[in-house]
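Q: generate coordinates for the sequence data below:
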Amino acid sequence: MLTPVEQMLFIVLALLSVGAAYQGFNEMWLIINRGEGKLHLDKLFQRAWNALMIYITQRTTLKTRRLTSLFHVGVVWGFTFYFLVNFFDVLLGFFPDFEQTLHDTGALYELYRLAADVLSVVVLVGMMYFIIRRYYLPNRKELRFHENVLLHPKVKAGAVHRDSLIVAVFILFHVGSRFLGEAVHISQVGEADLWMPFASVVSVIFNGMNADGLELMRHLLFWFALGGIFIFLPYFPYTKHAHLFMAPLNYLTRPERTSLGEMQPLDFEDEDKEQFGANKLEDLPMTHIFDSFACIMCNRCQDVCPAYATGKELSPSAYEVNKRYLIKDQMFDLANGEVSINPLMGSAISESAVWACTACGACIDICPVGNEPMFDIMYLRRHQVLMEDNFPKELKSAFRGMERNGNPWNQSARDRMKWAAGLDVPTIDENPEPDLLWWVGCAPSYDPRAQQVAQAFAKILNAAGVNYAVLGESESCTGDSARRAGNEYLFYEMAKANIAVLDEIAPKRIVTTCP
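A: Okay, here's the model as predicted:
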């Protein structure tokens, strides 16, 4: 189909386009490598299988917005199948006679052609849906931010919408050109193709053209479809649609957690470490920089954020989007080892938003691409508390209470068992070999409403005849609330003390009412 001159031109354009795209992806990789820690590739086969299943089933996308998600699934499947379609189209462009070899495979090739025809329509319809939804339904709440949310100037000026439109036009142009090319080919043959029903319907609009016109039209559409890729590919790494590759890789490389809220500890024994928490982009773990490139900018995390729902300045989505645009502002410099110009707090997220986070993990649970914005905020808090001594005044009394009396209420440790008056609750000193150690927790020990929970649970244990004991005055706060507030060192000290207590007791089983 292609002349020798066109074949040479195609090869040159392909090399130039791939080379430019490689530059963009290489900059991504170099920036990710600026982060702390490592990408996690242990249990590689298990990780790869999990990432593949998430990509194929799109189960993380289908959690919410069912109609929109179904269209997204269709576009993902269709666009993925188009990698194979484009491969065969290039092959046939260079070796037209190879089509007979494909036909000789029988039903397999015909099923491929049917899939290409159906999925082309699915992608075109899906993209039209997304364009109408984004640009003609501007009041959709998930496409907006509160006015008090900090936004990068380019985001505020509509860069995300512009980027989405460019990508949408490319997909429509690419898939549409290829689909019309098949319709022209059917018109050349002169009869409908049962394996390409949609293209056969469209082919009737070309029936009035002569043979030379049809051949020229098919030739042009071939170049439109594949030449469009050469134009778009260098731009691709700089768009949010790089998540097509980066999202599966995000699932492949992110740390395994035993629970949604499990946080990575800081190494306070390392005497050479001078920075704790995150101030600038490169202070974040590599996996959290990776999040910026995987983010689909769908605002699902914002939809479930309790702080955002109550009008606070926090939007996990805005933070990830801002982070990406801060990277784009300095992409070349960051890739070449330059330091970030701006700190994350104040540029990607406001100080008020950092302290508005409840650390509930809803943003992590809902994210379709595996991002973890909550943990970024925890790293920012760590820096503010440990390095800047900057945190809300309300936390000072809580930290002081945990340091002095082992509870954030700053109540005396001697009052820890007052809630159990008259309930016959044995302490570990009174029953040193219990079957069950009950870790009561600070709230059930000191908060009047939470005390009712502890009292009810004690009555249940007593009525059931359970052999149990509590630590009594030996119990101290777990320090988790200090940790979530950024005071990792206080948590570290309290955790060490608690571990020592539990090691000495060596309980068979632990139950807790600590919230």
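Q: helices along the stretch 51-200 of the chain, start to end?
A: Taking DSSP state H, counting those that start in this stretch to define them, one finds helices in the stretch 51-200 of the chain at 66-94, 98-103, 107-135, 153-156, 159-189, 197-203.
Q: for the residue nearest the centre of the chain, which non-adjacent residue is closest in space?
A: Residue closest to the average C-alpha location in the chain (CA atoms, centre = their mean): N371, at 2.5 Å. Spatial nearest neighbour of N371, chain neighbours left out: D291 (4.2 Å); criterion: CB to CB, 6 or more residues apart in numbering. For glycine as for every other residue, the C-beta is placed from the backbone atoms N, C-alpha and C.
Q: kindly report the same for D117.
A: Spatial nearest neighbour of D117, chain neighbours left out: M196 (4.2 Å); criterion: CB to CB, 6+ apart.
Q: for E282, what are its contacts?
A: Residues in contact with E282 (CB atoms under 8 Å, 6 or more residues apart in numbering) are R34, G35, E36, I289, L334, V339, S340.
Q: one more: W419?
A: P444, S445, Y446, Q451, A454, Q455.
Q: can you lay out those residues as a markdown table showing neighbour count?
A: Below are these laid out as a markdown table (neighbours: other CB atoms under 10 Å):
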| residue | neighbour count |
| --- | --- |
| P444 | 26 |
| S445 | 27 |
| Y446 | 21 |
| Q451 | 17 |
| A454 | 22 |
| Q455 | 16 |
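Q: which of the residues you listed sit farthest apart?
A: Spanning the widest gap among the contacts of W419 are Y446 and Q455, at 13.3 Å by CB to CB.
Q: can I get the contacts of W419 in TSV with secondary structure, distance to R65 and pLDDT?
A: Listed next are the contacts of W419 as TSV, based on DSSP: H, G, I helix; E, B strand; the rest coil; distance: CB to CB, whole Å; pLDDT from 0 to 100:
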residue	secondary structure	distance to R65	pLDDT
P444	helix	39	96
S445	helix	43	96
Y446	helix	42	96
Q451	helix	42	96
A454	helix	41	96
Q455	helix	44	97
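Q: that older thread, just the buried ones out of the contacts of E282, please.
A: For the contacts of E282, a burial check counting by 16 or more other CB atoms under 10 Å picks out R34, G35, E36, I289, L334, S340.
Q: the second one touches I289, doesn't it?
A: Yes: because the distance of 4.5 Å satisfies CB atoms under 8 Å, G35 is recorded as touching I289.
Q: can you work out which residues contact both of the two?
A: Here G35 and I289 have L281, E282 as joint contacts, going by CB under 8 Å, 6+ apart.
Q: ok so, going back, name the nearest of the contacts of E282 relative to D424.
A: Ranked by distance to D424 (CB to CB), these are led by E36 at 51.1 Å.
Q: tell me the phi and psi of the closest one?
A: The phi and psi values for E36, taken as degrees, to the nearest 10, are phi -80, psi 160.
Q: could you do T427 as well?
A: Torsion angles, degrees, to the nearest 10, at T427: phi -90, psi 170.
Q: again, but for the one 5 residues further on
A: For P432, the backbone dihedrals (degrees, to the nearest 10) come out as phi -70, psi -10.
Q: mind listing what it touches?
A: By CB under 8 Å, 6+ apart, the residues touching P432 are A469.
Q: i'd like the first residue to be 611 from this point on
A: Done: numbering now begins at 611, and the last item shifts to P1042.
Q: burial measure for P916, as a count.
A: For P916, the neighbour count with other CB atoms under 10 Å is 13.
Q: pretty sure it sits against A969.
A: No: look at P916 against A969 with CB under 8 Å: they stay out of range, at 10.5 Å.
Q: how is this structure divided into domains?
A: 674-844, 1016-1122 (automatic domain parsing).
Q: re earlier: from the buried ones among the contacts of E892, which single one is nearest Y632?
A: Nearest to Y632 among the buried ones among the contacts of E892, with distances taken as CB to CB, is L944, at 17.4 Å.
Q: tell me the pLDDT at the residue located most distally from the centre of the chain?
A: Centroid-distance maximum for the chain: N820 at 52.0 Å, with CA atoms, centre = their mean. Predicted confidence (pLDDT) for N820: 92.
Q: now do the same contact list for it.
A: With CB under 8 Å, 6+ apart, N820 has no contacts at all.
Q: ok, it to L859 distance?
A: Using CB to CB, to the nearest Å, N820 is found at 50 Å from L859.
Q: what of E1103?
A: Counting by CB to CB, the gap from E1103 to L859 is 37 Å.
Q: just S927 next, same as before
A: Taking CB to CB, one finds S927 at 20 Å from L859.
Q: quick one: which of those two has more around it?
A: Neighbour count, other CB under 10 Å: between S927 and L859, S927 has more, with 26 against 18.
Q: ok so that one is a strand residue?
A: No: S927 is assigned helix when assessed by DSSP: H, G, I helix; E, B strand; the rest coil, not a strand.
Q: hang on, isn't it packed against V914?
A: No: between S927 and V914 there is no contact under CB under 8 Å: 10.4 Å.
Q: ok, Y722 - contacts?
A: L694, F698.
Q: looking at it now. What's its pLDDT?
A: Confidence score, pLDDT, at Y722: 95.
Q: try G736
A: For G736, the predicted pLDDT is 96.
Q: about what we covered before: check contacts around the residue nearest to D727.
A: For M806, the contacting residues are R723, L724, A726, D727, E792, I796, by CB under 8 Å, 6+ apart.
Q: state the distance from the first one to W833.
A: When you say that, I think you mean R723. 21 Å.
Q: fine, thanks again, bye for now.
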